[in-house]
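1. Make a model of this:
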Amino acid sequence: MLSPETPPVLHIVGRKRSGKTGLIIKLIRSLAAKGYRIAGVRHSPHAHCLDAEGSDTDAYKKAGAIGAALITAHETNLFCPAMSWDDKFLPIRHSFNHCHLILVEGGVKEGKEKIEIIPPGESPLCGGDVSLRALVSAHYAAPGLTSFDPEDVDGLSSFIEERYIKTAISGAVMAGGRSSRLGVNKAFLKFQGRPGIELLLEKVSALVSPVTIITNSPAEFKYLTIAAAPDIRPGCGPLSGIHAALSLSPTEYVLVVSCDLPLLTLHILRTLLAGYPGYDITLYKHELFEPLCAVYRRTCLPALEELMDHHEYRIIDLFPTLNVKVIRTEQNDAFQSINTLEDYARLREKHEKG
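-> I've put the predicted structure just below:
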């Protein structure tokens, strides 16, 4: 089971001179090239640090400060007293809250997710550790564990992406609208010979997992073999769907997309997913906000419930109380929705041409 830590934390462990630093550098390059923000943490069992005896920061702490920091031209160094590993990591997780992943060189042997490097002629350091997720070795393999050749950085990078980055966010496709102006369920309107919701589900499922359809008529979507769930608090418009998506989600973040946005592209969704960590809401704006192509965090739930309790149903009313990231875009065509048969005819023509 993956750690619930946000952002995910993965330790790269191994014996001295096993190549941990070099591998982390290669992984950071590989994952950063894919658009992910990665933080690197160097763990050392020794007591040496910049906060040396007699330094100003040491004097601050001796005077009674609960912690100290050193700001230089390009860096901030934090010095916080801590006894347990979780205490030590708390300021780091806070500082790197906007990263997709924190890679730690070394660290504790037990209880934390890790990948071990085993050089030729060496024995495993973490054999039998239930938190060991993979091995990097040209000669050693273990039953039930994925092994990567030391030269297969791309393979290991993809493994980390699939297991730690993509699974930190799930998806929800909103299909709960009544489509009163259309007279039919807009989710099943066809584009390129297929229901639009099928095309949209393919795009969302390619990027996040699991994906749930939020609908008050789950039986209609049974043929898709994708989980469908109704609103928990119906009658509040789109807020009901977002509330259900967050309440039912197994992940901290949820990519929420309306079923009537058939012109959404993978590029639009990937750009959205590159910027969500650390924010309560991440969404697009061209002339208007696009709250039904957005990433929501479970931290939104109290604000959502307060609005619904007071019969206030505008998504934009969430913004003043939450940490919102707005991505401006000129690609307004991608967000054209279907409300009338005229909308459907126009968008279908555009989709067929694309």
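2. quick check: domain ranges of this structure?
-> Domains of the chain are assigned by automatic domain parsing as 9-151, 168-353.
3. ranking these by burial, who's on top?
-> Sort those by mean neighbour count, taking mean count of other C-beta atoms under 10 Å, and domain 168-353 sits at the top with a mean of 18. (C-beta placed from N, C-alpha, C; glycine too.)
4. what mean pLDDT would you report for it?
-> The pLDDT scores in domain 168-353 average 89.
5. next one: stretch 158-165
-> 93.
6. Which positions within it qualify as buried?
-> Buried residues in stretch 158-165, defined by neighbour count with 16 or more other C-beta atoms under 10 Å: 159-161, 163-165.
7. quick one: the helices in the stretch 1-150 of the chain?
-> For the stretch 1-150 of the chain, the helices defined by DSSP state H, counting those that start in this stretch cover 20-33, 56-62, 85-95.
8. Same check on the stretch 251-354 of the chain?
-> Using DSSP H, counting those that start in this stretch, the helices found in the stretch 251-354 of the chain span residues 266-273, 301-309, 341-353.
9. just so I know, which of those lies nearest Asp87?
-> Shortest distance between Asp87 and these, using C-beta to C-beta, is found for helix 301-309: 26.9 Å.
10. picking that back up, which of the buried residues of stretch 158-165 fall in strands?
-> Under the assignment DSSP state E, the buried residues of stretch 158-165 contribute nothing to strands.
11. can you pull up the bridge partners for the residue nearest to Ile28 when sequence neighbours are not counted?
-> Closest residue in space to Ile28, ignoring its immediate chain neighbours: Ile38 at 5.0 Å, by C-beta to C-beta, 6 or more residues apart in numbering. With DSSP bridges as the criterion, Ile38 is bridged to Leu101.
12. returning to that earlier point: quick one: the helices of the stretch 251-354 of the chain as a markdown table, columns for distance to Ala245 too.
-> Compiled in a markdown table, the helices of the stretch 251-354 of the chain are given as follows (distance: least, C-beta to C-beta, whole Å):
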| stretch | distance to Ala245 |
| --- | --- |
| helix 266-273 | 15 |
| helix 301-309 | 10 |
| helix 341-353 | 24 |
